[in-house]
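**Q** here's a sequence, model it:
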Amino acid sequence: MFEKQTSVTPFANKLEVELYLKSEIPGSTGECNESGIENLLSWLGTAPKFTTFRVNTLVSAANEVCEVIARDLHKQAATHGNSLAVYNVAVHPKLPDTVVISSFNEADLRIQEREVIVDATCGAAVLRGAHVFAPGIMGMPTGVHCGDIVSVFADTVGQCKKGYQKPYVQGCKIFLGNGIVRMERKHLYAKNLKPVGVAIEMTATVSGCPVIGPDCLSSNLALLQNLPSILCGHVLNPLQNEIILDMCAAPGNKTSHLAMLMGDQGVIIALDKTESKVKNIVKRCQQFSLHSVHTFVCDSTRSVKKISQPCDSEEQQKLVLQGPPFIQESFDRILLDAPCSALGQRPQLANRITVNQLKSYPLLQRKLFHSAVSLLKCGGTLIYSTCTVTHEENEGLVLWALKHFPNLDLVPAVPVLGGPGLKGSGLTEEQRQCVQKFGPPLVGSDCDIDTIGFFIACFRKKSTVDVT
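**A** Numbers count the residues shown, from 1 in each chain. Got it, this is the predicted structure:
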C-alpha cells in the first residue's frame, strides 16, 4: 500500500491558541472563519513539497549546483531500488541563486514490521528531507540490526520514554517513512553514551521531500534554506560597499546571503544578544569564507547611542566597526528579521506555545523597530520580516509603524513571490499589495505558495522627523 502525508493538530494548548488565532484573523466570526482556522492548522501540520537551496554565487553557478543535486538524487533512487521516484531540479525563475527541487515520489511506503520512534522535532526534520540522527531516536525494538529496513514514526505528544523497546501504542504517533538502520540499540542507549551521526538512513518519506546528504554538496557550495528567507535578501537588495545591519542575525543564513549579494564587498554588522548564537553566525560565515561580516553580542533594542555624532562616511564606517551602540543613521540598509511566534514553520508536529507567549512578541518587535528606524540613514531601506502568520506581528506591526514613524514610506517588496496582506487587516489595498505574505488563504501547488508561513514588509526612510 502507499501511505500519504497526513496532517496533525500541532498545538498542545489547542483551544486556547485557536481562540487567539480567531481573534487575530480579520472578520473572525462564523463558519467561514472556523473553516479558515481548520485549513491553517491542517496546513501547518504538513510539510512543503518543495526543497530549496541557496547557492554560494561566489564560488558556483546555480545551474552547476542543479546538475550535482540531480546526479545525487538519481544515484540514491538507483541504490534504493526506487525506480518510481522522479525529481525536478531547476533554478528558480525569479531568484537566480536559488535551486528548487520538486518531488513526484511514488515510492512504495508499506509500513514495516519493526518501527522506530523519534521525537517531534526530529520528525519534522525528516519530513523536510533529513535522515534520522541518533539524538532524535526515542524508541527502538530489540533485535533490530544494522541494515534492517524499519518504519519511522514521530511521537507528537512526548510520551515515549528514551530507550523504549516495545511497540509504541500509547499516545499519538504519525508515520514518517521508511529507512535503513545504521545504529543499533547498543550504539544508542549505553550508560554515559552521547551518540552522534545518522542512525536511520531514510529511503522514502510520506512528504516526498528528497534527502540531500553532505556527500552530495560540499559545505561551501550551497545552503538549505526556505524560499521566503532567501527572498528577504533579494528584497533588501544590498549593494557593494554599503553598510548593512542584520539586527537579529542568528544563525547567520540571511547574513551570509547579504554578503554574497554584495560580492563580499562592504560592511555587514550582524548582532545577536546570545554569545553562543553569535558563534554560530561566525561559523556560517567561515563556512563560506566571507570577510565582510562583523559580529557582535548585543541586544538590538539597546544598540542606539542616544547622542548623534555627525561625521563623514569614512569616519562613520570606522565607528560602526567598533561595534554597538551605534550613532543614529549609521546604516544604508537594515534587515530586521524579528523574533516571532514562528507559527509559520512547517511541519509543526508539536507546539506548546501559550497565548501569553504569543502576546509577548509584538512588544519586543516594536522595540526593535524603534532601534532600526533610528539607525537607518535617510533614503535607506528597512526590511521587516517574520516566520509567523498572526496579524498583530505582521500587518498590525506595519499599521503601527506607519502611524508612529511619519518619516517612513511603505514601498513594494520586490521581487514578488508571495500574496498580499490580509483583507480587513487595516491596510489599504495599495498597502496590502506592497507587503508579501506566505500562507493560507493562498492555494496552489507551486514552490512560491507551498512553503513556510512568512511575512515581508519594505520601508524607506524619507527624512528626519520626530516620532512618537
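**Q** what about Arg114, neighbour count?
**A** Neighbourhood size, Arg114 [other C-beta atoms under 10 Å]: 15. Any C-beta I mention is one placed from the backbone N, CA and C, and that applies to glycine too.
**Q** next: the one 4 residues further on.
**A** When neighbours are defined as other C-beta under 10 Å, Val118 has 28 of them.
**Q** leaving out chain neighbours, which residue sits closest to it?
**A** Closest residue to Val118 apart from its sequence neighbours, by C-beta to C-beta, 6 or more residues apart in numbering: Gly136 at 4.7 Å.
**Q** check Cys216 too.
**A** Asp72 (3.9 Å).
**Q** sticking with the one you found, tell me its helix or strand.
**A** Element membership of Asp72, judged by DSSP states H and E, is helix 62-79.
**Q** which strands or helices does that helix pack on?
**A** With contacts taken as 3 or more C-beta pairs under 8 Å, 6 or more residues apart in numbering; DSSP states H and E, helix 62-79 sits against strand 50-55, strand 87-91, strand 98-103.
**Q** out of the ones you listed, which is closest to Phe296?
**A** strand 50-55 (24.2 Å; C-beta to C-beta).
**Q** adjacent strands (with direction) for the closest one?
**A** Taking DSSP bridges as the criterion, strand 50-55 forms sheet pairs with strand 98-103 (antiparallel), strand 222-224 (antiparallel).
**Q** thinking again about what came up before, measure the residue nearest to Val118 to Ile200 for me?
**A** 9 Å (C-beta to C-beta, to the nearest Å).
**Q** per-residue confidence at the closest residue to Gly197 other than its chain neighbours?
**A** The shortest distance from Gly197 to any non-neighbouring residue, by C-beta to C-beta, 6+ apart, is to Ala134 (5.9 Å). Per-residue confidence (pLDDT) for Ala134: 96.
**Q** ok, Ala134 - contacts?
**A** 183, 187-188, 195-199 (C-beta atoms under 8 Å, 6 or more residues apart in numbering).
**Q** return the subset of these lying in helices.
**A** The helices, defined by DSSP state H, take in 187-188 from the contacts of Ala134.
**Q** let's see if you can find the most crowded of the contacts of Ala134.
**A** Top of these by neighbour number is Ala199, holding 25 neighbours under the definition other C-beta under 10 Å.
**Q** assess the claim that that one and Val132 are in contact.
**A** Yes - between Ala199 and Val132 there is a contact under C-beta atoms under 8 Å: 5.4 Å.
**Q** distance-wise, check Asn39 relative to Val211.
**A** For Asn39, the distance to Val211 equals 29 Å [C-beta to C-beta].
**Q** more neighbours: which of these two?
**A** Ranked by neighbour count (other C-beta under 10 Å), Asn39 and Val211 place Val211 first, with 22 against 13.
**Q** touching, the more buried one and Ala204? I think so.
**A** No - with contact defined as C-beta under 8 Å, Val211 does not count as touching Ala204 (9.2 Å).
**Q** returning to what we had before: mind putting the strands paired with strand 50-55 into JSON lines with distance to Ile268, mean neighbour count and mean pLDDT?
**A** Listed next are the strands paired with strand 50-55 as JSON lines, based on distance: least, C-beta to C-beta, whole Å; neighbours: other C-beta atoms under 10 Å; pLDDT from 0 to 100:
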{"stretch": "strand 98-103", "distance to Ile268": "20", "mean neighbour count": "22", "mean pLDDT": "92"}
{"stretch": "strand 222-224", "distance to Ile268": "16", "mean neighbour count": "21", "mean pLDDT": "94"}
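**Q** and of those, who's closest to Pro406?
**A** Minimum separation from Pro406 across those (C-beta to C-beta) falls at strand 98-103, 36.2 Å.
**Q** quick one, the closest one and helix 62-79 angle?
**A** Interaxial angle, strand 98-103 versus helix 62-79 (axes from the mean of the first three to the mean of the last three C-alpha atoms, to 10 degrees): 20 degrees.
**Q** touching strand 98-103 from outside, list them.
**A** Counting by C-beta under 8 Å, 6+ apart, the neighbours of strand 98-103 from elsewhere in the structure are 49-55, 62, 65-66, 69, 73, 85-92, 208-210, 212, 222, 227, 230, 447.
**Q** narrow the residues you listed to those that are buried.
**A** The neighbour count (16 or more other C-beta atoms under 10 Å) marks 49-55, 62, 65-66, 69, 73, 85, 87, 89, 91-92, 208-210, 212, 222, 227, 230, 447 as buried among these.
**Q** dump the helix holding Asp72 to PDB, restricted to CA.
**A** Presented in PDB, the C-alpha positions along helix 62-79 are these (Å, rounded to 0.1, in the frame of the first residue of the first chain):
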ATOM      1  CA  ALA A  62      23.100  27.700  -9.800                       C
ATOM      2  CA  ASN A  63      22.800  25.500 -12.900                       C
ATOM      3  CA  GLU A  64      26.000  23.700 -11.800                       C
ATOM      4  CA  VAL A  65      24.500  23.000  -8.400                       C
ATOM      5  CA  CYS A  66      21.400  21.700 -10.100                       C
ATOM      6  CA  GLU A  67      23.400  19.200 -12.000                       C
ATOM      7  CA  VAL A  68      25.200  18.000  -8.900                       C
ATOM      8  CA  ILE A  69      21.900  17.500  -7.000                       C
ATOM      9  CA  ALA A  70      20.200  15.800  -9.900                       C
ATOM     10  CA  ARG A  71      23.000  13.300 -10.200                       C
ATOM     11  CA  ASP A  72      22.900  12.500  -6.500                       C
ATOM     12  CA  LEU A  73      19.200  12.000  -6.400                       C
ATOM     13  CA  HIS A  74      19.400   9.700  -9.500                       C
ATOM     14  CA  LYS A  75      22.100   7.700  -7.700                       C
ATOM     15  CA  GLN A  76      20.100   7.500  -4.500                       C
ATOM     16  CA  ALA A  77      17.000   6.200  -6.300                       C
ATOM     17  CA  ALA A  78      19.000   3.500  -8.100                       C
ATOM     18  CA  THR A  79      20.700   2.500  -4.800                       C
END
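**Q** in that helix, which residues are buried?
**A** For helix 62-79, the neighbour count (16+ other C-beta under 10 Å) marks 62, 65-66, 68-70, 72-73, 76-77 as buried.
**Q** give the contact list for the closest residue to His391 other than its chain neighbours.
**A** Closest residue to His391 apart from its sequence neighbours, by C-beta to C-beta, 6+ apart: Glu24 at 4.6 Å. Counting by C-beta under 8 Å, 6+ apart, Glu24 makes contact with 390-392.
**Q** and the next helix or strand past the longest strand belonging to the chain?
**A** With secondary structure taken from DSSP state E, the chain has its longest strand at strand 376-386. As assigned by DSSP H and E, the chain's next helix or strand after strand 376-386 is helix 395-404.
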